[in-house]
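> Below: sequence and its predicted model.
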Amino acid sequence: MRVAKLAFLVREYDEAIDWFTRCLGFVLVENADMGAGKRWVVVQPAGGQGAALLLARAVGEQREAIGRQGGGRVFLFLETPDFDNDHARMKAAGVRFAEAPRSEPYGKVAVFEDLYGNRWDLLEFRSA
């Protein structure tokens with residue numbers, strides 16, 4: 001077994017698709033109309049490594065959780081083999097980093113926020 005997808009609450013499908021593909025370089029894998037205003041929208045990192053995100057348009061009380069899916073702490077971890085290049089590309093695309101890159105015993109890391117304010121780590125693990 002493996003975790004294949006995570007539900008990720010969004011305000012609107014198209015704004016989230018744009019942000020993930022333009023700012024993070026994710027690929028749109030699926031975008032199917034499910035009727036009644038719902039869509040099955042899946043994005044994932046280019047290369048298909050790791051879990052994909054199912055972009056779920058929030059309705060009703062779910063709207064309150066947009067941008068707070070991690071309760072204010074880092075919610076998702078985006079691993080890269082080339083931190084410096086990806087950090088520069090993401091900043092140029094308008095991604096807001098909450099801190100400057102820092103070195104930790106496990107590697108290089110910086111916290112960034114997605115279009116709704118959820119906190120992520122961009123990280124490159126140190127080679128053993």
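On my side now, so go ahead.

> what's downstream of the lengthiest strand in the chain, the next helix or strand?
The single longest strand within the chain, with elements called by DSSP state E, is strand 26-35. Scanning the chain past strand 26-35 towards its C-terminal end, the next helix or strand to appear is strand 38-45 (assignment: DSSP states H and E).

> where exactly do the strands run in the protein?
Counting by DSSP E, the strands of the chain are 5-10, 26-35, 38-45, 52-57, 74-79, 96-97, 102-104, 107-113, 119-125.

> Just the pLDDT at the nearest residue to residue 80 once chain neighbours are set aside, thanks.
Sequence neighbours aside, residue 86 is the residue nearest to residue 80 in space, at 4.5 Å (criterion: CB to CB, 6 or more residues apart in numbering). For the C-beta atoms, the positions are set from N, CA and C on the backbone; glycine is no exception. Reading off the confidence values, residue 86 has pLDDT 97.

> what do you get for residue 128?
On pLDDT, residue 128 comes in at 63.

> can you put the strands of the chain in CSV and add mean neighbour count and mean pLDDT?
Below are the strands of the chain laid out as CSV (neighbours: other CB atoms under 10 Å; pLDDT from 0 to 100):
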stretch, mean neighbour count, mean pLDDT
strand 5-10, 18, 97
strand 26-35, 12, 97
strand 38-45, 18, 97
strand 52-57, 20, 98
strand 74-79, 15, 95
strand 96-97, 14, 98
strand 102-104, 9, 96
strand 107-113, 17, 98
strand 119-125, 18, 97
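
> Same list, these, but as a markdown table with distance to residue 18 please.
Formatted as a markdown table, the entries for the strands of the chain read as follows, by distance: least, CB to CB, whole Å:
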| stretch | distance to residue 18 |
| --- | --- |
| strand 5-10 | 11 |
| strand 26-35 | 10 |
| strand 38-45 | 10 |
| strand 52-57 | 11 |
| strand 74-79 | 18 |
| strand 96-97 | 16 |
| strand 102-104 | 29 |
| strand 107-113 | 16 |
| strand 119-125 | 17 |
